[in-house]
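In: Pasted the sequence and its predicted model underneath.
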Amino acid sequence: MALIRRVVPAMRASGNLQWDDSYPNAEVFLRDMHLAQLWVAEDPEQLMGVAAITTDQEPEYAEVGWDLTERAVVVHRLAVDPDFQGRGVAAALMRQAETVALERRILVLRLDTNSQNEATQKLFPKLGYSFAGEIGLGFRPGLRFRCYEKRLP
C-alpha cells in the first residue's frame, strides 16, 4: 500500500482521477495475493511496480464488442512507483502478462485504463495493443475507461 500511496498523488496531479483513497485498497491486493495473481517488479531495495494479472473481465467489456466467453488474460491495477517511471517497469510487467497468457495457452490479452491516463494510452499501442473503445465501469462511477486488446500469434 506504500507504493499506492506514492502513485495516487502523482496520478491525480497529472489529471488522472482513476484511483483515490478507496481504490485500490488493501483488500483488493490481499485478494490478488491470495489468488496468486499479483506480480511485482522490484530492485534489491524497493518495490518498483505491481500488476494484477488475472482472467477477470469486467461485464462492461462487452460494450466494446468483446466476447466475454473468450478466455483472456486481463491486467488490472498496473502501478509503477514515481521514482521508477519511464524506466520500462510497466512494459516489463506487461511482458509478464504475455508470459502468463502463453503458459495458460490464452492468446488474448485485455485491459482498460482511465481516459485521462495519457502514459498508459501511449504505452499500450507501443506494446502491440489495439484500442477497442471506451466504456464506463459500474464500480468507478463518473469515469470513462479506454479498452485495449492484444492477440498473440
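Out: Received the coordinates, thanks. Numbering: from 1, shown residues only.
In: Can you tell me how far Gly142 is from Ile135?
Out: Gly142 sits at a distance of 13 Å from Ile135 (criterion: C-beta to C-beta, to the nearest Å). To be clear about C-beta, it is placed using only N, CA and C from the backbone, and glycine gets the same treatment.
In: Looking at those two, which one has more neighbours?
Out: More crowded of Gly142 and Ile135, by other C-beta atoms under 10 Å: Ile135, with 20 against 6.
In: Surely the more buried one and Phe145 touch.
Out: Yes. Here Ile135 reaches Phe145: they are 5.4 Å apart, a contact under C-beta atoms under 8 Å.
In: Overlap in contacts, the two.
Out: Asp112 (C-beta atoms under 8 Å, 6 or more residues apart in numbering).
In: Going by residue numbers, what spans are helices in this structure?
Out: According to DSSP state H, the chain carries its helices in the segments 2-13, 26-34, 89-103, 118-126.
In: Pipe these into JSON lines and attach mean neighbour count and distance to Glu60 per row.
Out: What follows is the helices of the chain, written out as JSON lines (neighbours: other C-beta atoms under 10 Å; distance: least, C-beta to C-beta, whole Å):
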{"stretch": "helix 2-13", "mean neighbour count": "15", "distance to Glu60": "21"}
{"stretch": "helix 26-34", "mean neighbour count": "13", "distance to Glu60": "18"}
{"stretch": "helix 89-103", "mean neighbour count": "17", "distance to Glu60": "20"}
{"stretch": "helix 118-126", "mean neighbour count": "15", "distance to Glu60": "18"}
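In: As TSV, these with mean pLDDT and distance to Asp43 would be great.
Out: Listed next are the helices of the chain as TSV, based on pLDDT from 0 to 100; distance: least, C-beta to C-beta, whole Å:
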stretch	mean pLDDT	distance to Asp43
helix 2-13	93	13
helix 26-34	96	20
helix 89-103	98	10
helix 118-126	95	20
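In: okay if I get those helices as JSON lines plus distance to Leu109?
Out: As requested, these are exported to JSON lines (distance: least, C-beta to C-beta, whole Å):
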{"stretch": "helix 2-13", "distance to Leu109": "22"}
{"stretch": "helix 26-34", "distance to Leu109": "17"}
{"stretch": "helix 89-103", "distance to Leu109": "6"}
{"stretch": "helix 118-126", "distance to Leu109": "10"}
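In: among those helices, which is nearest Tyr61?
Out: Nearest of the helices of the chain to Tyr61, taken as C-beta to C-beta: helix 118-126 at 15.1 Å.
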